[in-house]
Structure formats: C-alpha cells, structure tokens
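A.B. asks: here is my input, please return the structure:
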Amino acid sequence: MGQRDSKHHHANRRRKLEKENSSRAQKNGELEPRVPLAGYEELYEISRSGRVFSRTTRAVIVGGYHYSPFIRITVKGAVVTLSKAKALADSWARVLETEPSK
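C.D. replies: Numbers count the residues shown, from 1 in each chain. Modelled structure (predicted):
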C-alpha cells in the first residue's frame, strides 16, 4: 500500500496557492485601466469594473460593496452617492469621445 500525504501537507499547499492567487488578482486589479470620474475628475478615477480610486493616493476608495448599484465618495467632507451604472457610462463615454478614431 502506498504512502499517503498527510492532511496537513494538503492544507499547507492549498494555503500557499490561495495566497499566490490572491496577490495576483490584486495586482491585476491595480493595473486595470482607469479614467477620471465624471464630475469629480480632479479627485477620483473609476475603472471599468466600477472601483473608485483616489487620484492623489492611488488607493481604492471604500464606499460600498462591489455588487452595489451605488458609489459613495466624499467631496469636501460631504458624502455623495452616485449611480454606479451612470458614473461608469458618463466617465468612459468622455474618454471615448476624446480618443481619435482609428
């Protein structure tokens, strides 16, 4: 009868792979293309997936769940709630308008 690996070996291998995959996903998310957020161009950027980033710190803005239909940002101390679909459409439309057609 062949020797079997212990359950600890499998658990350690799984943890190692999960750690590698999570950091890879985070790096891919950071490299995702971004455009200025319509109406708040000087403060924030938005990615195609709807994640909002600060233009000064380049950090992700925590303001709602990724599946939420709304984006919450802070402008001059006031919390502003935007429709994610409208913000995405307006922001990316501005970029596509300014790009020269190929």
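A.B. asks: what mean pLDDT does stretch 83-98 have?
C.D. replies: What stretch 83-98 shows for mean pLDDT is 89.
A.B. asks: typo on my end, it should be stretch 54-72
C.D. replies: What stretch 54-72 shows for mean pLDDT is 82.
A.B. asks: contacts for that stretch next, please.
C.D. replies: Residues outside stretch 54-72 that contact it (C-beta atoms under 8 Å, 6 or more residues apart in numbering) are 36, 42-46, 49-53, 73-74, 79-85, 87. For the C-beta atoms, the positions are set from N, CA and C on the backbone; glycine is no exception.
A.B. asks: run the last query once more with 10 Å
C.D. replies: Applying C-beta atoms under 10 Å, 6 or more residues apart in numbering, the contact partners of stretch 54-72 are 26, 29-30, 34, 36-37, 40-47, 49-53, 73-74, 79-88.
A.B. asks: centroid residue for the chain?
C.D. replies: R51 (3.7 Å; C-alpha atoms, centre = their mean).
A.B. asks: give me the phi and psi for the closest residue in space to that residue that isn't next to it in sequence.
C.D. replies: Nearest non-adjacent residue to R51, counting by C-beta to C-beta, 6 or more residues apart in numbering: V60, 5.8 Å away. Main-chain torsions, V60, degrees, to the nearest 10: phi -70, psi 140.
A.B. asks: tell me the mean pLDDT for the longest helix along the chain?
C.D. replies: Longest helix in the chain, counting residues (DSSP state H): helix 7-30. Computed over helix 7-30, the mean pLDDT rounds to 76.
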